[in-house]
Every structure is written in C-alpha cells, then in structure tokens.
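S.K.: just coords:
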C-alpha cells in the first residue's frame, strides 16, 4: 500500500500509554503496545479526535509555519469562515482580512466566498440532476475519508463537488495569474485551517489530481499574530476586502451548509460519533426520505476544530452576531456549474478493514475472529491495547497480537494452576476485580 501523508502525528516521548485515544478513534486506527500508542496509517482519517482527547498532548497536527509564505513572490491568504468566530466583538470582517495583509500576504480570498459558490452549485445539482438520495455533503475531508474506509457503499450518495477551500484556491490563483502575470510556481496560496483533516486534504487530495493550496497555517498559530495587528488598526486603515455574506460565513458552524441548500428535508449532524450514527442509518436505508445530509466530524462544525482557539459554542454565538451585519449572499454561479468545481475522478473505496485480499480467506479469518470473540470477556476494557475485544481478535488473526494480551486470559490460565485467588486478582485492573468467572465464558 502506498504511503499516505497524515497531518496527525504522534510524539512517543510524550505518550504515557493511557489508552484514552483508542476508544475515541472512529476507525480503530490506534493501538497501545509496550506502553506507547501506535497509529495505523492506512486507517487514520486525520479527524483530530486523538489530538482533542490526549491529556499529554502527545498527538499534534503538522501545519505549516507562517514563514513558508516567503518562498513565493505573491502570497494569498485563504481564511476559513470559522476564523471570524475566534474574535470577540467582531462586527466587520475587514479587520481580520486587513490584518492578514499586515502579516505579509499580498491578497486575501475569503473561503466563505467559495462556500457560497459551492452552495449555489449544490442547489443546482439537487434541482436538475438525478442524484442518489440522501445526498451527502463532501465539505468535511474527515467525513469523506471515513466513508471511504468504513462505509464505501455510500460513496454514490456523495455530492461530487470540491470543497469551498479548493474552489477558493482555484479562483484566487486564477485572479493572481491575471493580475500579476506570474506563473503558478511563484504564487503561494495558504489556507488558515481549523483542523488537521484540511491539512491532509491539501497534501493528499482525494478525487483530485492536485490541490491549488500550497500550505495550511493552523488557526491557533496565526491567531495571536492577527490579534496584535487588529488591535493597532483603526477604521481609516481598513481595506474593503469582504466578498461574502451570511450563507458563506454560515458554513463555519453546523447547519450552515445544509440550510443554504434550501432543501425541505435535510439533516445536519456534527461530532464524529453522531456522524457515524447518521451514516449507519443511511446504510440501513432508514433515511431515504431525506434530501441532503451535512456532516461535520468536529462538534459544532468547523468552529469546533481542534486547531481553533475559541470555545466552540462561544464562537458560534459570535458568528450569529456577526451575520447580522452581512448581506444574504454575494456570490452565485451565472449559468452552468464550472467543470473545475467537480471531482477530477471518482472516489475509490479504501479496503483497509478487510482481513484478507480474497473472499475465501476473509471468510475463514472472520470465522476465526467470531469464535475467538466468544472466548473473550466482552468488556471492551482496552487494557489489551485494542479498543474492543473484537479488534484484539482481528489483530490476533492478522498476526499483530496474542491471546495473552488479554489480562483476563492470563488470569484464567493462572487460576488453572491453582494459584491464590487474591494474588491473581491483583493483576486485574481495579474496576474489573471480582468479576463473576461464569460470565467470562472461557473455554
């Protein structure tokens, strides 16, 4: 399997093997072995849940430093609309946009503008094309990767539109070429990102030949620098850079994209656990009456990304106040949907959860897993370093783990040697001591 870039990285020196992360990973991509966490690269979707949950800050996102813009003659900033929610009492986004110029960028292109264009394209596709319902948004790259790994049969439900970030980058680069006459290699486009999934989408794009974005700067890194510049700005210094309205800025929070679709029946779900529940209901054909589904891996939408600064709910409140000063929308598609706004090629499923390369071997191993699980306690306690008993069984049949990784298995073997029960019980984690042996169903 080819190597894939991941923005989420693990610092093993900081990892204490606490196992908080293994329970929260939506694709069971983390194991704890020999006291340290390990990320299974092909399963990781860079959702950032492990970054959010790690108490020791052992997981981080590899973003680009602001200094990287100096490698280009013409520098463009792409601020995500969630950036506006980071600042208190912001009633004019031009303060943020002008401050970006003060930091060294030559121009600014709002991703909220790209969001309004994508919203218009979505409305046109829902109205004129025979799409598989419910149509699933493709704005969140973590959700795209989740579907590709865990729900590949739902790929046909996904709307084949690029993200607002990608569309904004394309248009910004085109404008820069026309304005400056510079070639693409001299134009640097940098996204101000709220999450690691967007960083991965830039470095390893899906359903696209390449990305028009050259780098991603973490919102948490640029925020204090912007704050310093904004504090020194007065109204006379502001530049009229704003080119978006309520619809574009509304994409920053959960429900913004779905409401902009103008569907009568839509769902907007946020938080990776809620996203999984919705996808499973779609998979079970329980939501066939729904027209459009917006899914965000982060709680609250992009304002809840792990690279943001403000509390998710505070940021949403700030955006609600800000939108009072904005027009409904400033951007539309004049006629046909641009070809460049669609995917470059179909999205392919990624079969990383299968046990073998052919059906016969997979069925054989699956039967072994099912039999093995019957003999495990079913506690899903995580003390073996795998998130569930079934995950441990799968690791065992793949040759990555042993049945003796289960502490309850060891206890059973020691009990058969007639060792003192109290001494055996000391080996068991405190919450599980004294469990009725009859319930463990060992064979």
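M.R.: Alright, I've got the coordinates. Everything numeric here is computed off the predicted structure, so don't read it as measured data.

S.K.: How about residue 385, nearest residue that isn't a chain neighbour?
M.R.: Spatial nearest neighbour of residue 385, chain neighbours left out: residue 32 (3.9 Å); criterion: Cβ to Cβ, 6 or more residues apart in numbering. Just so you know, the C-beta spots here come from the backbone N, C-alpha and C atoms, and that holds for glycine as well.

S.K.: Doesn't the one you found lie inside a strand?
M.R.: Yes. Residue 32 sits within a strand when classified using DSSP: H, G, I helix; E, B strand; the rest coil.

S.K.: From what I see, it and residue 22 are in contact.
M.R.: Yes. Using Cβ atoms under 8 Å, residue 32 and residue 22 qualify as a contacting pair, with a distance of 6.2 Å.

S.K.: which neighbours do these two share?
M.R.: In the contact map built from Cβ atoms under 8 Å, 6 or more residues apart in numbering, the residues linked to both residue 32 and residue 22 are 382, 385.

S.K.: quick one on the thing from earlier: run a quick neighbour tally on the residue nearest to residue 385.
M.R.: Counted with other Cβ atoms under 10 Å, the neighbours of residue 32 add up to 22.

S.K.: Identify the bridge partners of it.
M.R.: residue 37 (DSSP bridges).

S.K.: Next one: it from residue 398, what distance?
M.R.: Plainly put, residue 32 is 17 Å away from residue 398 if you go by Cβ to Cβ, to the nearest Å.

S.K.: ok, now residue 13?
M.R.: The separation that residue 13 has from residue 398, given Cβ to Cβ, amounts to 28 Å.

S.K.: More neighbours: these two, which one.
M.R.: It is residue 398, of residue 13 and residue 398, that has more neighbours when counted by other Cβ under 10 Å, with 12 against 8.

S.K.: any idea of the pLDDT on the closest residue to that one other than its chain neighbours?
M.R.: For residue 398, the nearest residue in space outside its immediate sequence neighbours is residue 355; the separation is 6.9 Å by Cβ to Cβ, 6+ apart. Residue 355 is assigned a pLDDT of 80 by the prediction.

S.K.: what residues are up against residue 166?
M.R.: With contact set as Cβ under 8 Å, 6+ apart, residue 166 has these partners: 114, 205, 208, 211, 212, 213.

S.K.: Looking at these, which is nearest residue 388?
M.R.: Using Cβ to Cβ, residue 205 is the member of the contacts of residue 166 that sits closest to residue 388, with 31.9 Å.

S.K.: ok so that closest one is a strand residue?
M.R.: No. Following the definition three-state DSSP, residue 205 is coil and is not counted among the residues of a strand.

S.K.: from memory it sits against residue 199, does it?
M.R.: No. Assessed by Cβ under 8 Å, residue 205 is found out of contact with residue 199, at 11.4 Å.

S.K.: Give me the more crowded residue out of those two.
M.R.: Legend: neighbour count by other Cβ under 10 Å for residue 205 and residue 199, higher for residue 199 (28 against 18).

S.K.: Spatially nearest residue to the more buried one (excluding sequence neighbours)?
M.R.: In space, residue 199 comes closest to residue 7 once its chain neighbours are excluded; the distance is 3.7 Å by Cβ to Cβ, 6+ apart.

S.K.: again with residue 63
M.R.: With Cβ to Cβ, 6+ apart, the residue lying closest to residue 63 is residue 218, at 3.9 Å.
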